[in-house]
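All I have is the shape, not the residue letters:
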């Protein structure tokens, strides 16, 4: 699959078929995530793969009742490893670079999953402390995304995007005076 096709075709999937995802495919999407760029090549991100129904239920509850999470056969929690990044970059590494590393990995993970016929959704709305407690995540490691993974049970339409002239500036940041406010779904 062409990368531009994957970027245009990928959707946030919140309904999944009752069909298992083989470990081989999970490993491929984790490998793609790990191939994402990272500050200083420190790869300051970690991945927790969850199949246990009880843990998926707890994560759904920690995500303020987003119960589609537990419907996915696999859930991957992507964490920013501030400890790893801080060793070289200090507080900027702990507070920024590790988040960027993890976010780049999430994007690769979701595109790879789509290319393999799987659906994902980037869930960022959750209670950090509860997720850390559920998954025994230590201090210095921050969960940034809960990614349910499975065969799509829906085919959502393409979301609207702001026109480029509203988000692209040349040479300096000079917003137009009357920008249209992007409507929330």
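Cool, got the structure. Computed from a predicted model, the values in this text were never measured in an experiment.

just checking, what packs against the top strand by length along the chain?
The strand that spans the most residues within the chain, counting by DSSP state E, is strand 141-150. Packing contacts for strand 141-150, counted by 3 or more C-beta pairs under 8 Å, 6 or more residues apart in numbering; DSSP states H and E, involve helix 68-71, strand 74-81, helix 82-92, helix 98-115, strand 119-120, helix 128-134. Heads up, the C-betas are built off the backbone N, CA and C, glycines and all.

Show the average pLDDT along that strand.
Averaging pLDDT along strand 141-150 gives 98.

Same check on stretch 6-18?
pLDDT averaged over stretch 6-18 gives 97.

what sits up against that stretch?
Residues outside stretch 6-18 that contact it (C-beta atoms under 8 Å, 6 or more residues apart in numbering): 68, 71-73, 110-111, 114-115, 119-122, 148, 150-156, 158-159.

looking at the helices and strands packed on strand 141-150, which is closest to residue 60?
Residue 60 lies closest to helix 68-71 among these, at 4.4 Å (C-beta to C-beta).

Mind giving me the packing neighbours of the closest one?
helix 53-62, strand 141-150.

got TSV for the helices and strands packed on strand 141-150, with mean neighbour count, distance to residue 165 and mean pLDDT too?
Formatted as TSV, the helices and strands packed on strand 141-150 follow (neighbours: other C-beta atoms under 10 Å; distance: least, C-beta to C-beta, whole Å; pLDDT from 0 to 100):
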stretch	mean neighbour count	distance to residue 165	mean pLDDT
helix 68-71	20	35	98
strand 74-81	24	33	98
helix 82-92	17	32	97
helix 98-115	22	24	98
strand 119-120	26	30	98
helix 128-134	16	36	98
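
Which one, of these, ends up nearest to residue 31?
helix 98-115 (8.0 Å).

which one of the helices and strands packed on helix 68-71 has the most crowded surroundings?
strand 141-150 (a mean of 23; mean count of other C-beta atoms under 10 Å).

Off-centre distance for it?
On the basis of C-alpha atoms, centre = their mean, to the nearest Å, strand 141-150 sits 6 Å off its chain's mean C-alpha point.

before we move on, what about stretch 137-148?
Worked out by C-alpha atoms, centre = their mean, stretch 137-148 lies 11 Å from the chain centre.

From start to finish, how long is stretch 131-139 in a straight line?
12 Å (C-alpha to C-alpha, to the nearest Å).

Ok, which of the helices and strands packed on helix 68-71 comes nearest residue 34?
Nearest of the helices and strands packed on helix 68-71 (C-beta to C-beta): strand 141-150, 14.1 Å.

list the contacts for the closest residue to residue 99 other than its chain neighbours?
Nearest residue to residue 99, sequence neighbours excluded (C-beta to C-beta, 6 or more residues apart in numbering): residue 80, at 4.9 Å. By C-beta under 8 Å, 6+ apart, the residues touching residue 80 are 44-45, 98-99, 101-102, 141-142, 144.
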